[in-house]
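Engineer: Okay, sequence plus prediction incoming.
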Amino acid sequence: MNKTQAYISENKEIFLEELLELLRVPSISADPAYAKDVKKTASMLAAHFRNAGAKNVKVHKTAGHPIVYAERIIDRRLPTVLVYGHYDVQPPDPLELWDSPPFEPVVKKTKGHPKGAIFARGACDDKGQMFMHIKAFQAMVKAKELPCNVKFMIEGEEEVGSDNLGAFCKKNKKLLASDVVLISDTSVISNKVPSITTGLRGLSYLEVEVTGPNKDLHSGVYGGAVGNPINILSDMISSLKGKNGKIRIPGFYDDVVEVSKEERKMMNKAPFNIAKYKRELGIKDTHGERGYTVLEQTSIRPTLDVNGMWGGYIGEGAKTVLPSKAYAKISMRLVPNQDSATITKLFTKHFKAIAPASVKVKVTPHHGGEAAVTPTDTPEYKAAEKAMEHTYGTQPIPVRGGGSIPIVALFEKVLKVKTVLMGFGLDSDDIHSPNEHYGLFNYYKGIETIPYFFKYYSELKGK
């Protein structure tokens, strides 16, 4: 693919400027105030697809944010790769913790990215990684080296649970028919040690509301006699985990599949420096489930975390108030065989059961998804392995990721195809956090590697 790589090399600066332009649009799917920006981003992507040489480009309306579809069918007898990505981004809050405005991308050199990194919300998750595929496709088309058929489905609701993606897939099975799904929304171990994600955790995400008195009260007049919802919510949340890190919800672990000693041993061969890990995070010690290493705690074990908690007065100065309500957002990462709907029901039942009579509890499920494990002996995995080995110069390590991409299980169930998770970010890229960034090395390495996946997949699938 010499012509393809030459085209990429000649157009690197253009590819960077185009990504920066995309990052300037605040496509925040969680906030209705940004609906126009989400729609604008979809239109921008459609234009990029047309410019790259895609056919049948269409922005599909959904009950929520639009899905962008594009394709290039060169021969129905050849394999078809379906590329999935998302163009929506997380809210940038808290804004005061950003070193530069989240939607004014800047390129800066850092210790982890000596060649420079793009700082902006969505730089890595997932605009930067998604956009690599459009540019790699463009290079293959312009060089006339596209070896197989390709379809693209880029959605705008991944960060809010992909609520409308399932319906779209079911309605458009024929349109989306393919041999494999290719996704870049994960990371590599390091820029010197590439890896391919072979497993992801599932998710149950919900919000709890605890109500005490029917209005805010004076804490001097009523304090000591009336239950404080914030205090009670704190106690309830604290009771959900034991000192050993185990989650105390009855039935929570019933369906957890224990990973074999052999697989755990292999998993822990991945390069990992616990001292560096703690130093980079500014912590003196880790705090996870006993009996498991950090690599295991963050991949093959389920979790329960509070993602946000609020209530009462949080403005400047003091206000001695006993609040009427308290809230928390809670996420549970799940492992293979745990069903997100079942876990949500178990949590709801338990949380209501442990509430004292002095308060009322409401649990509102938001979104969820199932864990997924992908095989390593398939043509698609081997193609990804060969592609990364070609561009990195070393064989990638198979790893299980700690995050969740619920649509992987959805694609297997609805479209009957397996997924390859060939990501190029780093865990230290601060996705979902202030100062999210994506290395220029990683961005360009992805564009360079993706064409080789197409090449090797076409060859291996044809055998």
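Structural biologist: Alright, I've got the coordinates.
Engineer: contacts, neighbours, all on C-alpha from now
Structural biologist: Will do.
Engineer: List the neighbours of the longest helix seen in the chain that are in contact with it.
Structural biologist: As assigned by DSSP state H, the longest helix anywhere in the chain is helix 440-461. Contact with helix 440-461 is made by 1, 4-5, 8, 12, 78-79, 81, 113, 115-118, 128-129, 132-133, 135-137, 140, 146-148, 191, 379-380, 382-384, 386-388, 390-391, 423-425, as judged by Cα atoms under 8 Å, 6 or more residues apart in numbering.
Engineer: pretty sure residue 169 is in a helix, no?
Structural biologist: Yes: the assignment for residue 169 by DSSP: H, G, I helix; E, B strand; the rest coil puts it in a helix.
Engineer: and it, what does it touch?
Structural biologist: The neighbours of residue 169, taking Cα under 8 Å, 6+ apart as the test, are 176, 414, 415.
Engineer: Check which helix or strand the first one maps to.
Structural biologist: This means residue 176. Under the criterion DSSP states H and E, no helix or strand holds residue 176.
Engineer: Torsion angles phi and psi at it?
Structural biologist: When read as degrees, to the nearest 10, the backbone of residue 176 gives phi -90, psi 0.
Engineer: my guess is it meets residue 149, correct?
Structural biologist: No: checked against Cα atoms under 8 Å, the pair residue 176 and residue 149 is beyond contact range at 11.7 Å.
Engineer: how about the helices in the stretch 151-300 of the chain?
Structural biologist: Assigned by DSSP state H, counting those that start in this stretch, the stretch 151-300 of the chain shows helices spanning 165-171, 219-222, 229-238, 261-267, 274-281, 294-297.
Engineer: Can you lay out these as a markdown table showing mean pLDDT?
Structural biologist: Listed next are the helices of the stretch 151-300 of the chain as a markdown table, based on pLDDT from 0 to 100:
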| stretch | mean pLDDT |
| --- | --- |
| helix 165-171 | 96 |
| helix 219-222 | 96 |
| helix 229-238 | 98 |
| helix 261-267 | 87 |
| helix 274-281 | 94 |
| helix 294-297 | 95 |
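Engineer: want to throw those into a markdown table with distance to residue 344?
Structural biologist: Listed next are these as a markdown table, based on distance: least, Cα to Cα, whole Å:
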| stretch | distance to residue 344 |
| --- | --- |
| helix 165-171 | 20 |
| helix 219-222 | 34 |
| helix 229-238 | 15 |
| helix 261-267 | 28 |
| helix 274-281 | 31 |
| helix 294-297 | 21 |
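Engineer: hang on, the earlier thing: please indicate which of the contacts of helix 440-461 are buried?
Structural biologist: For the contacts of helix 440-461, a burial check counting by 16 or more other Cα atoms under 10 Å picks out 1, 4-5, 8, 12, 78-79, 81, 113, 116-118, 128-129, 132-133, 135-137, 140, 146-148, 191, 379-380, 382-384, 386-388, 391, 423-425.
Engineer: So which of those residues are in strands?
Structural biologist: Counting by DSSP state E, the part of these found in strands is 81, 117, 118.
Engineer: rewinding a little: export only the CA atoms of the longest helix of the chain, formatted as PDB.
Structural biologist: Provided in PDB are the C-alpha atoms of helix 440-461 (Å, rounded to 0.1, in the frame of the first residue of the first chain):
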ATOM      1  CA  LEU A 440      -0.200  13.400  17.100                       C
ATOM      2  CA  PHE A 441       1.800  10.200  17.000                       C
ATOM      3  CA  ASN A 442      -1.300   8.200  17.900                       C
ATOM      4  CA  TYR A 443      -3.500  10.000  15.400                       C
ATOM      5  CA  TYR A 444      -1.100   9.500  12.500                       C
ATOM      6  CA  LYS A 445      -0.300   6.000  13.500                       C
ATOM      7  CA  GLY A 446      -4.000   5.100  13.400                       C
ATOM      8  CA  ILE A 447      -4.300   6.500   9.900                       C
ATOM      9  CA  GLU A 448      -1.300   4.600   8.800                       C
ATOM     10  CA  THR A 449      -2.400   1.300  10.400                       C
ATOM     11  CA  ILE A 450      -6.000   1.100   9.300                       C
ATOM     12  CA  PRO A 451      -5.300   0.500   5.600                       C
ATOM     13  CA  TYR A 452      -3.100  -2.500   6.500                       C
ATOM     14  CA  PHE A 453      -6.100  -3.900   8.400                       C
ATOM     15  CA  PHE A 454      -8.100  -3.700   5.200                       C
ATOM     16  CA  LYS A 455      -5.300  -5.300   3.200                       C
ATOM     17  CA  TYR A 456      -4.700  -8.200   5.600                       C
ATOM     18  CA  TYR A 457      -8.300  -8.800   6.300                       C
ATOM     19  CA  SER A 458      -9.100  -9.100   2.600                       C
ATOM     20  CA  GLU A 459      -6.200 -11.600   2.200                       C
ATOM     21  CA  LEU A 460      -7.100 -13.700   5.200                       C
ATOM     22  CA  LYS A 461     -10.800 -13.700   4.600                       C
END
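Engineer: tell me the mean pLDDT over that helix?
Structural biologist: Taken as a whole, helix 440-461 has a mean pLDDT of 97.
Engineer: which parts of that helix are buried?
Structural biologist: For helix 440-461, burial by neighbour count (16+ other Cα under 10 Å) applies to 440-458.
Engineer: No further questions, thank you.
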